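S.K.: show me the folded form of this:
(chains A and B)
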Amino acid sequence: MHKLAGLSLYKNKTATKTLNRIPIDTFFGDTNMKTYKIITLGASGSGKTVFLASMFKALSTQGEHSFYLEVEDREKRKKLNEIYSKIITKDESWPKGTKYSEVSEWTYICRVKTPTRNDYPACQFTYFDYAGGRVTDINEEDTEFKNLVKQADTILGLLDGQKILAWMNGDNRLAINSFDNQELLCILNWMQSCTVPIHFVISKWDLLQDKYSLKQIRDRLFSIPKFEQVVQSRNKAGSPIRLIPVSSVGSGFATLQPDGSMRKISGAAFQPFQVEVPLACVLPDGLKAKLVELAQQKKQLETQQIGKTNIFSNFLGLAGQFFVDTALGFALDALFPFLPPEFQFTKHIFDKVDNGIFSSINKNHKNKLEVLGAEREKSLNLVKDEETALNHAFDSFLYIEQKLDRDFPESDLLLA
Amino acid sequence: MNNYNIVTLGPSGAGKTVFLASLFKQLSIQGEHGFFLQVEDANKRNILNNIYTEIITGDKWPKGTKGEITDWVFTCCVKTPSSSIYPVCQFTYIDYAGGRLTDTAEEDDDDFESKVCDADAVLAILDGQKVLAFMQDKEITNRDVRIWVYQHLPNLMQLINKCGPIPIHFIISKWDLIDKKYELLEVRNRLLEAIFEFRNVVHNINQANCPVRLIPVSSVGMKFATPQPDGSMKKNFCELRPFQVEAPLAYVLTDGLERQINRLQKTGLDKFSEQLFHFFSNNIIAPSTDLIKQNLPEKYNLENHVLQRLVDLTERSVQKVEKWQNLKAESLKKVKDEKTALSHSINSFRYIQTKLINDFPASDLKGVGI
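M.R.: Alright, predicted model coming up:
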């Protein structure tokens, strides 16, 4: 059903005025804690579960990112601790893969601790972690899995860094075929029907970082037609798509053995790298995608209603980033009421859209990271309830996202 | 009588129960500290005594309190030279069963978390034996050390992370094992450097301007026990001389009051802020306590003269142990009721605090990590 179709308001100017008179503040600050669903796609052994355990450990106390994660479910917390124990002890093997029949849900509550030690929940992230075989063993009848993918707010495609290394090296035919023709294609097949933001996460970045740059890997990925197609389609839809390098254990924790196994190094420090980044990108990217989607639907409705194109329609019809940059600000007020509840944020957050935070025009602003850092600091001091906690968390997410853009500009898969 | 809740956290074997038994034994009779502790519940008194007896006579150490949360209520009293006894206040230690921090298979701990958040202070016990192993293992290669560093301690820090604006004392138990091998400053720096969760928590507590300390204690004293190759502790059965077990308790009242004053300042009461301007300046004129009293919770709403002393900067800046020793001796002679008993107790607490700061300046983590 067309999101805006139920509204006959667009049929005449008077009705449009009625819509515009709905106070924006009415739609801000939904009182239920907002929950975001993220489904992780990735082959067996790509590191999905280890990533989730590592992310929790890295963010279980509030530090430089000025928020932290809590897992309320006691059994889940125990499981994450067990996974983590296996990782950190040298004489233990790596955690076993998730069983085929198992689809685990991991719910993390994002919380903010204020400078006065008060504590407020901001939002929830639910990760759906499942057996990698479900991706690579395509089963058209896997309705449960299909439904999960459809419900997601973000899709996380985990690309096994170990396999990418072999693929880039070109020295292991089996590994190349496995990654190229099976693993990656399967992930892309699941993604092609999605409309939500996509994050390709390169796991085990510690194996790659000294050998290949992200740009080299990105360029090589773009040589795969299907990959380029998926990226192009997301670009056209104005939906963010990223390539994010992460390491669940950090540099020097393990080394790759000739037989393909990973040997843990005695005494290596556990220093996860960028495990917080995919989570941080969920809200900003999700909001952007929703706004663009609504704006496009609005345009479509108007075109249907008016029956002819006009200057405005042509203007909105410009695809890609330019559309996002200009149309968002223009149509923002009108779009607010139609956002799903989990994206009905406060004015504090929507003002960021107005201020062009999402805009690629401002992307390379020299002092953007400092500005975002200062805003994050400021909003932390204003936290006094769940709503302001979410405002602050959003600022933290923007900061992390901007840091990713600064450190890995190639991570934003925007085709020129 | 005012009651102050203190929650002790720590994994199994860290020494919480032995610490409490030792604390009671050390302070059950009034001595150099000028006050003593009573346990009115006869059953609990027997348990503590039995634990102590087991320490000094038994071949083994007391078992951990797995599966229980036990409240231990200590009444702080003062005995005058004429043998009159006056109660001052109560301290309730909530002894947290260590297993919950290492094995999340325990029962639902929601009740416990609410107790932590209602506490006046939290004592997080760091097992001195583990700390020693950590200090000796520079590369963190040993399996048990890795589990302690990357799992047990972070679990502890996650719990402390949830606490509100209350003082946190990290107690290094079994200091007798570490003494003469490492300075407290070395231990502190290593903890901050190697364990980012510890660093985060200390930073956050400091940001909130809450007291946070690292206090070395020994429940049995130097030379009572020696570590064995298998990790156990062999008793030498020499004299028991608990070391600094009274220090954490000595801070509860004064830290709590300081926290309340900080809170009132932040709520921005105009008149109070004006008073605090003088309070926090170097002006030796003591602020009026009336305005402070109006806004304090009952358990910190002490007598004027006591409040006055606690907020008086000039008094707090006195760092000479002998000065406090003399003040303590003098005030004991003047105890004639509960009010003067409280005033005297504060001198005793200040004496203990000053002694700690002088002997272990690294114990105060204020400003660290900011």
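S.K.: from here on, contacts and neighbour counts on C-alpha atoms
M.R.: Will do.
S.K.: residue contacts, B:Gln30?
M.R.: Counting by Cα atoms under 8 Å, 6 or more residues apart in numbering or on different chains, B:Gln30 touches B:36, B:78-79.
S.K.: how about 7 Å then?
M.R.: Residues near B:Gln30 by Cα atoms under 7 Å, 6 or more residues apart in numbering or on different chains: B:Phe36.
S.K.: and for A:Glu410?
M.R.: A:Glu410 sits in contact with A:214-215, where contact means Cα under 7 Å, 6+ apart.
S.K.: quick one: it from chain B, how far?
M.R.: 30 Å (Cα to the nearest Cα, to the nearest Å).
S.K.: show the backbone phi and psi for that residue.
M.R.: When read as degrees, to the nearest 10, the backbone of A:Glu410 gives phi -80, psi -10.
S.K.: repeat that for B:Gly31.
M.R.: B:Gly31 adopts backbone torsions of phi -130, psi -130, taken as degrees, to the nearest 10.
S.K.: and it, how many neighbours?
M.R.: By the measure other Cα atoms under 10 Å in any protein chain shown, the count of residues near B:Gly31 is 11.
S.K.: for stretch A:63-76, what is the distance to the chain centroid?
M.R.: Put simply, stretch A:63-76 sits 18 Å off its chain's centre (Cα atoms, centre = their mean, to the nearest Å).
S.K.: and that stretch, what's buried?
M.R.: Under the neighbour-count criterion of 16 or more other Cα atoms under 10 Å in any protein chain shown, stretch A:63-76 has A:63, A:65-71, A:76 buried.
S.K.: next: stretch A:375-384.
M.R.: For stretch A:375-384, the buried set under the neighbour-count rule, 16+ other Cα under 10 Å, comprises A:375-376, A:379-380, A:383-384.
S.K.: same question, stretch A:209-227
M.R.: Across stretch A:209-227, burial judged by 16+ other Cα under 10 Å covers A:209, A:214, A:217, A:221-222, A:226-227.
S.K.: distance to A:Asp129 and pLDDT added to those, as a markdown table?
M.R.: Formatted as a markdown table, those follow (distance: Cα to Cα, whole Å; pLDDT from 0 to 100):
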| residue | distance to A:Asp129 | pLDDT |
| --- | --- | --- |
| A:Gln209 | 26 | 93 |
| A:Leu214 | 26 | 96 |
| A:Ile217 | 25 | 96 |
| A:Leu221 | 24 | 94 |
| A:Phe222 | 27 | 93 |
| A:Lys226 | 24 | 91 |
| A:Phe227 | 23 | 93 |
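S.K.: of the residues you listed, closest to chain B?
M.R.: When these are compared for distance to chain B (Cα to the nearest Cα), A:Gln209 wins out at 23.5 Å.
S.K.: how close does that closest one sit to A:Val201?
M.R.: Here A:Gln209 is placed at a distance of 14 Å from A:Val201 (Cα to Cα, to the nearest Å).
S.K.: do the same with B:Leu307
M.R.: With the distance defined as Cα to Cα, B:Leu307 ends up 58 Å from A:Val201.
S.K.: same deal with A:Gly45?
M.R.: For A:Gly45 relative to A:Val201 (Cα to Cα), the value is 14 Å.
S.K.: okay, these two: which has more neighbours?
M.R.: Between A:Gly45 and A:Val201, A:Val201 has the larger neighbour count (other Cα under 10 Å), namely 27 against 20.
S.K.: need the residues that contact the helix or strand hosting the more buried one.
M.R.: Assigned by DSSP states H and E, A:Val201 falls within strand A:198-202. When contacts are defined by Cα under 7 Å, 6+ apart, strand A:198-202 is touched by residues A:154-161, A:240-246.
S.K.: just the C-alphas of it, formatted as CSV.
M.R.: Provided in CSV are the C-alpha atoms of strand A:198-202 (Å, rounded to 0.1, in the frame of the first residue of the first chain):
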residue,chain,number,x,y,z
ILE,A,198,23.1,-1.8,3.4
HIS,A,199,26.3,-2.1,5.2
PHE,A,200,29.0,-4.4,3.8
VAL,A,201,31.2,-5.2,6.8
ILE,A,202,34.6,-6.6,6.0
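S.K.: now do the helices in the stretch 1-150 of chain A.
M.R.: Counting by DSSP state H, counting those that start in this stretch, the stretch 1-150 of chain A has helices at residues A:13-21, A:48-58, A:74-88, A:133-136, A:143-151.
S.K.: let me fix that, I meant to ask about the stretch 51-200 of chain B.
M.R.: Assigned by DSSP H, counting those that start in this stretch, the helices in the stretch 51-200 of chain B fall at B:99-102, B:110-117, B:128-136, B:143-147, B:153-161, B:175-178, B:184-194, B:196-207.
S.K.: in CSV: the ones you listed, plus distance to chain A and mean pLDDT.
M.R.: Supplementary listing: the helices of the stretch 51-200 of chain B in CSV, determined by distance: least, Cα to the nearest Cα, whole Å; pLDDT from 0 to 100:
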stretch, distance to chain A, mean pLDDT
helix B:99-102, 9, 54
helix B:110-117, 10, 68
helix B:128-136, 12, 94
helix B:143-147, 6, 88
helix B:153-161, 6, 86
helix B:175-178, 22, 93
helix B:184-194, 9, 96
helix B:196-207, 5, 93
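S.K.: tell me the residues of the stretch 1-150 of chain B that contact chain A?
M.R.: B:104, B:139-141, B:143, B:146 (Cα under 7 Å from any Cα of the partner chain).
S.K.: so among these, which ones count as buried?
M.R.: B:104, B:140-141, B:143, B:146.
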